[in-house]
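[1] pasting the structure only:
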């Protein structure tokens, strides 16, 4: 696995602080080649389990989570957002826009522009109403969220790619957000018998 050259500094952090923080939270050791960007993750036998985000995680699962955190950073997320992947409810979904819209640079730029919107308004609406974190980096869209939030975000992204007007997409996202809030409210106020 490797990191893009322009994301190396983000993954490593000032004087290795980001890398060290991820290692501490996951009980892993991260080895990054700062020239090629290649990296590997290993279980750290010397970790203190009380430092872990979740003490019950197996070494294999911690390595897997660390790799996904690094891939999230590699696809444009800042480390704080990428660390949401420590929660086992959250997943990383990466969409290759080039596979969907083809190799036309003009088409990619247009779709990315539509997904971001004027001053980032559409992107922010996606995050607010779907509940998924959203990153557009090079030819990729990366999402962090739980299964339901990613499902809603992906449908909205597909609507944008298919050319639906922003108003229609925002209507869909708003409706899904309201349905989710209503469901949460109903669960919270369900009478106890």
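    It's in. These numbers come from a predicted model, not from an experiment.
[2] which residue ranges form the helices in the chain?
    With DSSP state H as the criterion, the chain has helices at 5-12, 17-26, 59-74, 79-82, 97-101, 105-116, 121-130, 147-161, 166-188.
[3] I'd like to check the angle between the longest one and helix 147-161, please.
    On the basis of axes from the mean of the first three to the mean of the last three C-alpha atoms, to 10 degrees, helix 166-188 is oriented at 170 degrees to helix 147-161.
[4] residues of helix 166-188 that come out buried?
    169-170, 172-173, 176-177, 180 (16 or more other C-beta atoms under 10 Å). Heads up, the C-betas are built off the backbone N, CA and C, glycines and all.
[5] same question, the second one
    Neighbour-count burial for helix 17-26 flags 18-19, 22-23, 25-26 (criterion: 16+ other C-beta under 10 Å).
[6] go on, stretch 68-85?
    68-77, 79, 81-85.
[7] So which of those is the closest to residue 142?
    Proximity of the buried residues of stretch 68-85 to residue 142 (C-beta to C-beta) peaks at residue 75, which lies at 3.8 Å.
[8] Could I get the contacting residues of that closest one?
    Neighbour list for residue 75: 94, 135, 137, 140, 142 [criterion: C-beta atoms under 8 Å, 6 or more residues apart in numbering].
[9] Residue 114 is in contact with residue 122, isn't it?
    Yes. Counting by C-beta atoms under 8 Å, residue 114 touches residue 122, with 7.1 Å between them.
[10] Apart from its neighbours in sequence, what residue is nearest residue 20?
    Closest residue to residue 20 apart from its sequence neighbours, by C-beta to C-beta, 6 or more residues apart in numbering: residue 13 at 7.5 Å.
[11] what's the overlap in contacts for residue 114 and residue 122?
    Common contacts of residue 114 and residue 122 (C-beta under 8 Å, 6+ apart): 160, 166.
[12] partners of the residue most central in space within the chain in the sheet?
    For the chain, the residue nearest the mean C-alpha position is residue 144 (2.9 Å; C-alpha atoms, centre = their mean). Beta-bridge partners for residue 144, by DSSP bridges, are residue 92, residue 133.
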